[in-house]
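J.: coordinates for the following, if possible.
(chains A and B, ligands or ions: 2)
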Amino acid sequence: MKGPQRYDVVVVGAGFAGSLVAKALGERGWRVLVLEAGAGTRDAWQDHQDAVRAFHTAVVKTPTAPYRTTAAAPSPDVLDLTGGRDGFQAHGYLLQRGALPYASPYLRVNGGSGNAWTGLALRMHPEDFRAGEFGHGRNWPIGYADLEPYYRLAEGEIGVAADVEEQRRAVGLPFPEDYVFPMHGLPRSYLDAVLAEAVDGNHARDPYQGQPTELSVVGTPQARNGPPNPAYDHGRGYRPDGHRCAGYASCVPICPEQAKYTPMKTQARWPATVTLRTRAVVNRLRATSTGRISEICYQLYRDDTGGEHTSHTVEADMVVLAAHAIENAKLLLVSGLATRSDQVGRNLMDHPALLTWGLTREPIGPYRGPGSTSGIEGFRFGPARRRRAPFRVEIGNWGWNWALGPPDRDVADLLRQNVFGKRLRQVLADRIGRRFMLQFEIEQEADPANRVTLAPDHRDRLGNPRPALHYRLSDHVKRGMVAAKQVSDQLFALLDAEDHTEYRPVASMPGYLEFEGQSFCYWGAGHGGGTHIMGGSPHDSVVNQWQQCWDHPNLYAVGCGSMPSLGTSNPSLTMAALALRSAEHLDRELLATRTCVTVAKEALR
Amino acid sequence: MQDVSVVDEFVRVSSRLTGFDPGELQATGMAEGYHDLVVAEVAERRYRRLVVTVLEADGDPPAVDDPHLLDLARAVTHLWYVGVWPGLPQSAEAYVASPRSYAQGLVWKTFHGAPPGTVAPGFGSWARPPRRAMPT
Ligand SMILES: Cc1cc2nc3c(=O)[nH]c(=O)nc-3n(C[C@H](O)[C@H](O)[C@H](O)COP(=O)(O)OP(=O)(O)OC[C@H]3O[C@@H](n4cnc5c(N)ncnc54)[C@H](O)[C@@H]3O)c2cc1C
Ligand code: SF4
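T.: Ligands and ions are numbered 1, 2, ... in the order given. As a prediction, this is how the structure comes out:
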């Protein structure tokens, strides 16, 4: 009988983190097999065309709408949740067992959730790595300075457009003196400019802050192509991969221009040492008695709608789990691995996003350009963090889309009220042309009670247990919402905007909640993390600072699942930096095993 | 080729319902396709009654009182505005007529916008003030 195939490295998941790790290791000459649960070919252009078409013809344009999802590798979708007077209900792939819903989707298709992401590529603030010092959540075993060189690497690999001076001054981020981003910062939207005109230099009060915070509209680093900066890389410049952002305004769920970074770009740069196998769902890892992972089991399927499959195994010196925070935890749990700390699946975090929406006085032209080009950064750091969760204000360029959906609904509502003809046209012009939204992304601290478990009595089409989530928000987070709403009120007043925000226990608001007599609703930002948390000790964390499992030296779990705190920045750039740092460590470990073998062979001679 | 006058008639009805001039509707390139879709989706008698009612009614918007016709008037307007044929009757499944119908949705034209993912106005276009809303 032929033995199982053997690789230097097997990467589980060809998503954001997995694609980066595979490239870094493949470039160093290691033979890498990437097993990807979702469909997708390497004819990226045809897949892309199909996806754009699917997006255009989807009645409901959710983040997953363009992509060819399969029954064998189901993905959660935003439509899986509904709200109501008696609380929320979950109908989809994720089983929800908590007081509140975990409200974020992710995407199991080649390239992963990074196909559908917005492409906001912020660094975490140095303070975010020490969240535990503020009495809520956990500290990282490493700090900003340890990650800084890898942030630069990630910004080069992904292609980030930003203004280094502005990031230094307005966000307080340290950079090496001569650093510039690969591309110049993108122009801010007209809405950003209107908002800046109204709020810059003014102050807003937050009930938990001693001093009012000075307001300033700051450009957001973007993982989409702008003009390259000739000063990049000590004057060597930068060659953007693909076209310049052309303002299609559909970065979520798909950029027709391919101006936004997706993991497909990294896959296109994979050397021949990297092999991709799609429609390959990893369902178990086996370990020897010493803890080494000896075998990776996976299921291959053909059909998009059925569960028929064949079972296979493969061996590797190193195994990298990169299947997304929730799926990584699921695989560790199914395999009974990394159990020592009892932290696998725990500390599930996301950015609960409080959205507020209204109308400006004059038309601002919504639905133009990237989803968000600027934010207000002043509420992200400082001592108020002890008393309420910090938050970042993201300025939303796409009308009320995130909270209430596209204007289709307005049309249907008006028609139901028998508004036709010129009046219909006028009412819509006036309503939609002045729409804007503020998106408050609130830090959620690591809480061991927020967790992923298995639901053995609920299996997917391949017979694998589905994830069950236990999710809640602490009062610390809810106080963050109280503060965010008050800040929003002040921003609306400065802008002289009409506030239309209304949180109600209705089907479209599954994240509805009440706190201290006030109504709120949060939306999921898609930033799931924490489920294989990183720490300084095997007793209270799953992976070490290299994302290497404490209990299994040849097993790494990479992705936002390793992050002990998410801070208030969108997490993927940090995740990418961590992944590239781990790839270096993997390379060293692989070299060490090879050297050991060679030395042992020499000794035998 | 279609009988042009049938499509023209559909455009005149649609113009009354949508508040867009016949010329604007023709410019979308959707008129013929939408006409065909509508006559395929609903009984001919019902469609004829809508045509007669709308073209004979004065005023803007034209008065359509019969609830049965009103549903059809809403469906036709909805099709033009967002490119989606809503379920008629309501239990039927809504669908996007075609990728072009999404791109040509009138709702976006009301404020000189474009549906996400269909038009590339160019790098930095989002920094400019919007074009003024429709002339009244
Ligand atoms: C709508 C939306 C917008 C977002 N916007 C931003 C943003 O602006 N900025 C930001 O920083 N982040 C953003 N995010 C978050 C970002 O997408 C994630 O942080 C990132 O994609 C996570 O990377 P990952 O590699 O861990 O997981 P993924 O990218 O989800 O990749 C996981 C891969 O593993 C595969 N897989 C899963 N299970 C298995 C299995 N059993 N066997 C084999 N393969 C498997 C999946 O198919 C997938 O390809 C957004 C997310 C969403 C949903
Ligand atoms: S604004 Fe348009 S071109 Fe630019 S990244 Fe988004 S979808 Fe792509």
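J.: what packs against the lengthiest strand in chain A?
T.: Across chain A, the longest stretch assigned as strand under DSSP state E is strand A:309-321. Applying 3 or more CB pairs under 8 Å, 6 or more residues apart in numbering or on different chains; DSSP states H and E, one finds that strand A:309-321 contacts strand A:5-12, strand A:32-35, strand A:280-287, strand A:293-301, helix A:325-335, strand A:555-557, helix A:572-604. For the C-beta atoms, the positions are set from N, CA and C on the backbone; glycine is no exception.
J.: for the closest residue to A:C255 other than its chain neighbours, helix, strand, or coil?
T.: Sequence neighbours aside, A:Y248 is the residue nearest to A:C255 in space, at 6.3 Å (criterion: CB to CB, 6 or more residues apart in numbering or on different chains). For A:Y248, the assignment made with DSSP: H, G, I helix; E, B strand; the rest coil gives coil.
J.: I'd say A:Y248 and B:F123 touch.
T.: No: assessed by CB atoms under 8 Å, A:Y248 is found out of contact with B:F123, at 11.1 Å.
J.: what residues does the stretch 251-400 of chain A put near chain B?
T.: Contact residues (CB under 8 Å from any CB of the partner chain) of the stretch 251-400 of chain A with chain B: A:254, A:256-257, A:363-370, A:373, A:397-398.
J.: and which of the residues you listed is nearest A:L215?
T.: A:T373 (16.8 Å; CB to CB).
J.: surely that closest one touches A:G219?
T.: Yes: if you go by CB under 8 Å, A:T373 and A:G219 touch, sitting 6.7 Å apart.
J.: ok, the two, which is more surrounded?
T.: Ranked by neighbour count (other CB atoms under 10 Å in any protein chain shown), A:T373 and A:G219 place A:T373 first, with 27 against 19.
J.: which ones are touching that one?
T.: A:186-189, A:192, A:219-220, A:222, A:395, A:397, B:126 (CB atoms under 8 Å, 6 or more residues apart in numbering or on different chains).
J.: run a quick neighbour tally on the spatially closest residue to B:A73 that is not a sequence neighbour.
T.: Excluding the flanking residues, the one nearest B:A73 by CB to CB, 6+ apart is B:V64, at 5.0 Å. Residues lying near B:V64 (other CB under 10 Å) number 22.
J.: for B:V64, give its distance to B:R46.
T.: Going from B:V64 to B:R46 by CB to CB, to the nearest Å gives 12 Å.
J.: can you give me the helices in the stretch 51-200 of chain A?
T.: Secondary structure of the stretch 51-200 of chain A (DSSP state H, counting those that start in this stretch): helices located at A:144-158, A:164-166, A:190-199.
J.: mind putting those into TSV with mean pLDDT?
T.: Output for the helices of the stretch 51-200 of chain A, formatted as TSV (pLDDT from 0 to 100):
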stretch	mean pLDDT
helix A:144-158	98
helix A:164-166	98
helix A:190-199	98
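J.: helix, strand, or coil at the most centrally placed residue in chain B?
T.: Centroid-nearest residue in chain B: B:W80, 2.0 Å away (criterion: CA atoms, centre = their mean). Using three-state DSSP, the three-state assignment for B:W80 comes out as helix.
J.: get me the contact residues on the stretch 51-200 of chain A for ligand 1.
T.: Residues of the stretch 51-200 of chain A found near ligand 1 (CB under 6 Å from any ligand atom) are A:63, A:73, A:105-109, A:112-114, A:116-120.
J.: pretty sure A:R205 contacts A:P212?
T.: Yes: A:R205 lies in contact with A:P212 (CB under 8 Å); the separation is 4.7 Å.
J.: list residues touching both of A:T373 and A:G219?
T.: Common neighbours of A:T373 and A:G219 (CB under 8 Å, 6+ apart) are A:186, A:188.
J.: perfect, I'm done here.
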